[in-house]
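Engineer: no sequence on this one, just coordinates:
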């Protein structure tokens, strides 16, 4: 049975039962659990299922705004953050940058810094930096369904091949006690993997993200080295991050 046919049957079973177990799928399809695992990974990467322990369920409706819509919001705040964050980068350094609307704006400022090597899973970041003449490496992997970025096992394995000076990440929410959050599991996995390969971790987050949480936690608060935010961030909230041992710019 071809993978496409297996995927269709898995989705039909999910539509009827709302959830499926890996054991039932392996028996129904006449394949191994490893084959089922790969099928569920493929379906999760295109947003068709959400994996859970022992099987999969239908994904929850997305509540995060589409990427291109996010690119058009809080532009002043993101630009302010980008101009501050680029001051942390020195010529000769190698950095990692994850995918997001804030890091896409950050790339426009980063393109003005010479002698920097950038590793990213963001198509927007890679394109911007290449146009600016910087050394940019686009990580391989599957193209995400809703964000112009590579994701999945191949992307994660490629990240682990590099050691970098700084990781720049733009989560959807940042809490002084609970850490950084993403709406999407795969985006969180990318951020976690990048941070593990970096000497310094920097979070880019404007004021509306501070004090909030989302679906998937990435870094704990004590794993964040520096927060770069905008002037509209409330003083009380900034104080809470500093009390947690995080440098705030």
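Structural biologist: Looks like it came in fine. Everything numeric in this text was worked out from a predicted model, so none of it was measured.
Engineer: so what touches the longest helix belonging to the chain?
Structural biologist: Using DSSP state H, we find that the single longest helix of the chain is helix 3-17. Outside of helix 3-17, the residues within contact range by C-beta atoms under 8 Å, 6 or more residues apart in numbering are 20, 24-25, 28-29, 31, 35, 39-40, 42-43, 48-49, 56-58. For glycine as for every other residue, the C-beta is placed from the backbone atoms N, C-alpha and C.
Engineer: list buried residues within those residues.
Structural biologist: Those of the contacts of helix 3-17 that meet the buried threshold are 20, 25, 29, 31, 35, 39, 40, 42, 43, 48, 49, 56, by 16 or more other C-beta atoms under 10 Å.
Engineer: filter those down to the ones in helices?
Structural biologist: In helices, defined here by DSSP H, the members of those are 25, 29, 35, 39, 40, 42, 43.
Engineer: residue 177 contacts residue 245, doesn't it?
Structural biologist: No - checked against C-beta atoms under 8 Å, the pair residue 177 and residue 245 is beyond contact range at 11.6 Å.
Engineer: burial count for residue 3?
Structural biologist: Neighbour count for residue 3, taken as other C-beta atoms under 10 Å: 12.
Engineer: cool, and residue 7?
Structural biologist: A count of neighbours around residue 7, defined by other C-beta under 10 Å, yields 17.
Engineer: Three-state assignment for residue 130, please.
Structural biologist: Here residue 130 is recorded as helix under DSSP: H, G, I helix; E, B strand; the rest coil.
Engineer: give me the helix or strand of this structure that scores worst on average pLDDT.
Structural biologist: Lowest on mean pLDDT, DSSP states H and E among the helices and strands of the chain sits helix 67-71, with a mean of 52.
Engineer: quick one: mean pLDDT over stretch 161-168.
Structural biologist: Stretch 161-168 shows an average pLDDT of 98 in the prediction.
Engineer: again with stretch 52-59
Structural biologist: 81.
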